[in-house]
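Chemist: Take this sequence and fold it.
(2 chains)
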Number of protein chains: 2
Amino acid sequence: MFSPEDGAHMARALQLAARGRYSARPNPMVGCVLVNDGAIVGEGWHERAGEPHAEINALREAGEKARGAVAYVSLEPCAHHGKTPPCAMALIEAGVSKVIAAMPDPFEEVSGRGLEMLNESGIEATAGLMQSAAEALNAGFISRVTRGRPFVRLKIAASLDGAIAMESGESQWITGPEARADVQELRARSGAIMTGIGTVVADDPSLNVRLPEFDSAGEQPLRVVLDSRMRMPRKARMLTLPGETLVCHTAGHDASELAGAGATVQEFGAHGDVVNVFEVLAALAEREINDVLVEAGSRLAGYLLEKDLIDELVIYQSPHIMGSNTRGMFTTPTWSALADRRTLDITDTSRVGIDTRITARISD
Amino acid sequence: MFSPEDGAHMARALQLAARGRYSARPNPMVGCVLVNDGAIVGEGWHERAGEPHAEINALREAGEKARGAVAYVSLEPCAHHGKTPPCAMALIEAGVSKVIAAMPDPFEEVSGRGLEMLNESGIEATAGLMQSAAEALNAGFISRVTRGRPFVRLKIAASLDGAIAMESGESQWITGPEARADVQELRARSGAIMTGIGTVVADDPSLNVRLPEFDSAGEQPLRVVLDSRMRMPRKARMLTLPGETLVCHTAGHDASELAGAGATVQEFGAHGDVVNVFEVLAALAEREINDVLVEAGSRLAGYLLEKDLIDELVIYQSPHIMGSNTRGMFTTPTWSALADRRTLDITDTSRVGIDTRITARISD
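Modeler: Residues are numbered from 1 along each chain as shown, chains lettered A, B, ... in the order given. Modelled structure (predicted):
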């Protein structure tokens, strides 16, 4: 159905899409390649919400050469009038001969409409080429629009024997500078960075993006602190930094002082003695946050694991043995038998400096 | 100094040497290749103590073609009359033109003598081609003759979050069948398998080699149990199996009952409330054991780590999260700061079934 040339052009479209990884949110990353007579005549990607979609940028570059071209798009062209006119219409008007999308629009109410509109104009339009790569690229956007919650990625830095800190809390630095730089990349791709109040009190982290190329491209991710009893220090470093900090607490606490210190304060239901994370994630989705990076201690990590709320684990494993007077990765009070363990589906293992980065989904 | 052809022939000699991995102990593994006019005319390896050395086997295969040949040997030919006549003499008598050894004999009193004997007969004889590979192959033998103790290899099966068992002790099976088969290979290459009495009491392990190809080739490794207070059950499974079990205890315990049950019982000094492992390792070296594989719980593993007695770590890491109600890899009561950690030099990472095998030395 699809030729190797189709695959190569779609791979290029996905590569272009990824250029929007710091800036496209809350929109999906999309790339488009226009090919006429075997030659690429236009390329585009979606850079920023409110600005033109990938297809429009590619059509602009192609000009008259778009007529008769095949359009490769990493996501089904839109059929609705949003901040911009529908891309399906633009492709029709430009006279493309064929449209291949990597995946249909995941937003149920419009899914398939763009392809339909194209088909109705006599343009062959299909989806499904390199679909899993396209879905992985926009896992956050897809999660938000299909599940009503962001994609949750948990980052852990640990020794080879599974310690994330000494018992004293000492943890700087378990991993090397390359791994820490890689975490900056994870942060920059996320709409929010979540942590627990324990981590804030112990480490006073910044949880911001400090990449030189980020400043002009993206907005600082929302910092989210789960803080049921509102113990957040008014002098926490993150409150002094550019970007917003959301403190999530439970009922019965006075928000005014912390709000005065620059925090956004929001009340949520309780789940035992902690903030109901399901509610927090729903609220983040309402704020159009696609990806949440969790950087937390073992208690929040274990809680998310027990509740099956972790979509992806990124473990930076350092080549050290830290021994037994340490803190582990996950506090899992309800697990007592080997059968309680979770099985990982490791999707990538890479060397990052002297550390090993293990990326995994939880498979059962 | 050495040509690429020299390297290829030495690689072959090392490959031949490794054929003795189950059977050559307590002798080193040695391989020999004889090359005449660019063609291999004889190959040999040392199969078993008391049987001919690698050089003799290669000379036998070459017959008259050994005259003028270059001999590649993975270890300096011996110059002494042991169970067999000196190989250096045999090479001289066969009329080889040149001898290249991967490494000199590590046994200080005879090191260099074989090369000397050859040189004195007008045969060019040198050592140092692929020396580090040759040293890695015979790390156990070298350790025994140069340090008076075996090479200590610690095997650990753990989850990705560093657990070796649930708190209850449940640990069967953390890793998959391929990893367990790989451990059989580690056992088969070892002269002894060491564990602690806690593991024997909890798991009643066999600690034997169950490889089909092993029976005819090798002798069951000595099973060594560190059991300061002689708690070893008389009905322990390992006492019923072929091969010897050595129970190491401290003073003040009656050995007769356990000896009656088939164990070899030996008294050692105490180190706090445990058997002095340094003494045990020295005793194993006296028994001509080159390689000790430690399969133990976190207490003995931590003790060996703190005492810097681990020469190599082999960690089978399973793709699971086991959580916090678990036992860790190493109990290290004296470590409290991050600076106490040990840094690993990872020498190999391989996929074994669904698990990852990480081989490492401790670098500081």
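Chemist: can you give me the helices for chain A?
Modeler: Assigned by DSSP state H, the helices in chain A fall at A:4-17, A:54-62, A:87-94, A:113-120, A:131-137, A:139-147, A:177-188, A:197-203, A:256-260, A:277-286, A:298-306.
Chemist: Could I get the CA-only coordinates of the first one as PDB?
Modeler: What follows is helix A:4-17 as a C-alpha-only set of coordinates in PDB (Å, rounded to 0.1, in the frame of the first residue of the first chain):
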ATOM      1  CA  PRO A   4       9.600   2.800   0.500                       C
ATOM      2  CA  GLU A   5       9.700   6.300  -0.900                       C
ATOM      3  CA  ASP A   6       6.400   7.100   1.000                       C
ATOM      4  CA  GLY A   7       8.200   5.900   4.200                       C
ATOM      5  CA  ALA A   8      11.200   8.100   3.600                       C
ATOM      6  CA  HIS A   9       9.000  11.200   3.000                       C
ATOM      7  CA  MET A  10       6.900  10.400   6.100                       C
ATOM      8  CA  ALA A  11      10.100  10.000   8.200                       C
ATOM      9  CA  ARG A  12      11.100  13.400   7.000                       C
ATOM     10  CA  ALA A  13       7.700  14.800   8.000                       C
ATOM     11  CA  LEU A  14       8.100  13.300  11.500                       C
ATOM     12  CA  GLN A  15      11.500  14.800  11.700                       C
ATOM     13  CA  LEU A  16      10.100  18.200  10.800                       C
ATOM     14  CA  ALA A  17       7.300  17.800  13.300                       C
END
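Chemist: what's in contact with that helix?
Modeler: A:2, A:29-33, A:35, A:38, A:40, A:43-46, A:54, A:70, A:72-75, A:100, A:102, A:129-130, A:133-134, A:137 (C-beta atoms under 8 Å, 6 or more residues apart in numbering or on different chains). The way it works is simple: take the backbone N, C-alpha and C, and place the C-beta from them, glycine included.
Chemist: how about the closest residue to chain B within the stretch 101-250 of chain A, what does it touch?
Modeler: The stretch 101-250 of chain A approaches chain B most closely through residue A:162 (2.1 Å), counting by C-beta to the nearest C-beta. Listed by C-beta under 8 Å, 6+ apart, the contact partners of residue A:162 are A:328-329, B:158-163, B:328-329.
Chemist: let's see 6 Å
Modeler: Taking C-beta atoms under 6 Å, 6 or more residues apart in numbering or on different chains, we find residue A:162 in contact with A:328-329, B:161-162.
Chemist: most tightly surrounded among the helices of chain A?
Modeler: Ranked by mean neighbour count, these are led by helix A:54-62 with a mean of 24 (mean count of other C-beta atoms under 10 Å in any protein chain shown).
Chemist: my guess is residue A:247 contacts residue A:262, does it?
Modeler: No: here residue A:247 does not reach residue A:262: they are 10.4 Å apart, not a contact under C-beta atoms under 6 Å.
Chemist: Who has more neighbours out of these two?
Modeler: residue A:247 (27 against 14; other C-beta atoms under 10 Å in any protein chain shown).
Chemist: The more buried one: what's it in contact with?
Modeler: Per C-beta under 6 Å, 6+ apart, neighbours of residue A:247: A:225, A:227, A:232, A:258, A:263, A:265.
Chemist: Residue A:311 now?
Modeler: A:151-152.
Chemist: What's the local residue count around residue A:340?
Modeler: Counted with other C-beta under 10 Å, residue A:340 comes out at 15.
Chemist: The nearest residue to it once chain neighbours are set aside: what's it in contact with?
Modeler: Spatial nearest neighbour of residue A:340, chain neighbours left out: residue B:323 (6.9 Å); criterion: C-beta to C-beta, 6 or more residues apart in numbering or on different chains. The contact partners of residue B:323, by C-beta under 6 Å, 6+ apart, come to A:330, A:332, A:335.
Chemist: Report pLDDT for residue B:323.
Modeler: Predicted confidence (pLDDT) for residue B:323: 97.
Chemist: What of the one 10 residues further on?
Modeler: At residue B:333 the predicted local confidence, pLDDT, stands at 94.
Chemist: And it, how far from residue A:328?
Modeler: 17 Å (C-beta to C-beta, to the nearest Å).
Chemist: Look through chain A and tell me its longest strand.
Modeler: Longest strand of chain A, by residue count under DSSP state E: strand A:342-352.
Chemist: Which elements pack onto that strand?
Modeler: helix A:177-188, strand A:355-362 (3 or more C-beta pairs under 6 Å, 6 or more residues apart in numbering or on different chains; DSSP states H and E).
Chemist: Give me the residues contacting that strand.
Modeler: Counting contacts by C-beta under 6 Å, 6+ apart, the residues touching strand A:342-352 from outside are A:178-179, A:182, A:357-364, B:319-321.
Chemist: can you list the residues of the stretch 251-364 of chain A near chain B?
Modeler: Along the stretch 251-364 of chain A, the residues adjacent to chain B under the rule C-beta under 6 Å from any C-beta of the partner chain are A:319-325, A:328-332, A:335-336, A:338, A:341-344, A:346.
Chemist: now those: which count as buried?
Modeler: The neighbour count (16 or more other C-beta atoms under 10 Å in any protein chain shown) marks A:319-325, A:328-332, A:335, A:338, A:341-342, A:344, A:346 as buried among those.
Chemist: Strands - which of these land there?
Modeler: Those of those lying in strands (DSSP E): A:320-321, A:328, A:342, A:344, A:346.
Chemist: Around chain B, pick out the residues from the stretch 101-250 of chain A.
Modeler: A:161-162, A:166, A:170.
Chemist: Return the member of those residues nearest to residue B:199.
Modeler: residue A:161 (18.2 Å; C-beta to C-beta).
Chemist: which one of the contacts of residue A:162 sits closest to residue B:118?
Modeler: Out of the contacts of residue A:162, the member with the shortest distance to residue B:118 (by C-beta to C-beta) is residue B:162, at 52.0 Å.
Chemist: ok so, going back, from the residues of the stretch 101-250 of chain A next to chain B, keep the buried residues only.
Modeler: A:161-162, A:166, A:170.
Chemist: Can I get the residues you listed in a markdown table including distance to residue A:273?
Modeler: Supplementary listing: these in a markdown table, determined by distance: C-beta to C-beta, whole Å:
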| residue | distance to residue A:273 |
| --- | --- |
| A:161 | 30 |
| A:162 | 26 |
| A:166 | 26 |
| A:170 | 26 |
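Chemist: and which of these is nearest residue B:86?
Modeler: For those, the nearest to residue B:86 is residue A:161 (48.3 Å; C-beta to C-beta).
Chemist: surely that closest one meets residue A:321?
Modeler: Yes: using C-beta under 6 Å, residue A:161 is in contact with residue A:321, at 5.0 Å.
Chemist: Can you pull out the low-pLDDT segments for chain A?
Modeler: A:216 (pLDDT under 70).
Chemist: Would you point out which residue is most central in it?
Modeler: Computing the C-alpha centroid of chain A and ranking residues by C-alpha atoms, centre = their mean puts residue A:291 first, at 3.1 Å.
Chemist: Can you verify my assumption that it contacts residue A:151?
Modeler: Yes: in this structure, residue A:291 is within contact of residue A:151 by C-beta under 6 Å, at 5.2 Å.
Chemist: Quick check: neighbours shared by these two?
Modeler: In contact with both residue A:291 and residue A:151: residue A:140, using C-beta under 6 Å, 6+ apart.
Chemist: Is the closest residue to residue A:61 other than its chain neighbours bridged to anything, and to what?
Modeler: Nearest residue to residue A:61 in three dimensions, chain neighbours excluded: residue A:42, at 3.9 Å (C-beta to C-beta, 6+ apart). Here residue A:42 sits in beta bridges with residue A:34, going by DSSP bridges.
Chemist: that older thread, from the ones in strands among the buried ones among the residues of the stretch 251-364 of chain A next to chain B, which is closest to residue A:274?
Modeler: For those, the nearest to residue A:274 is residue A:328 (18.7 Å; C-beta to C-beta).
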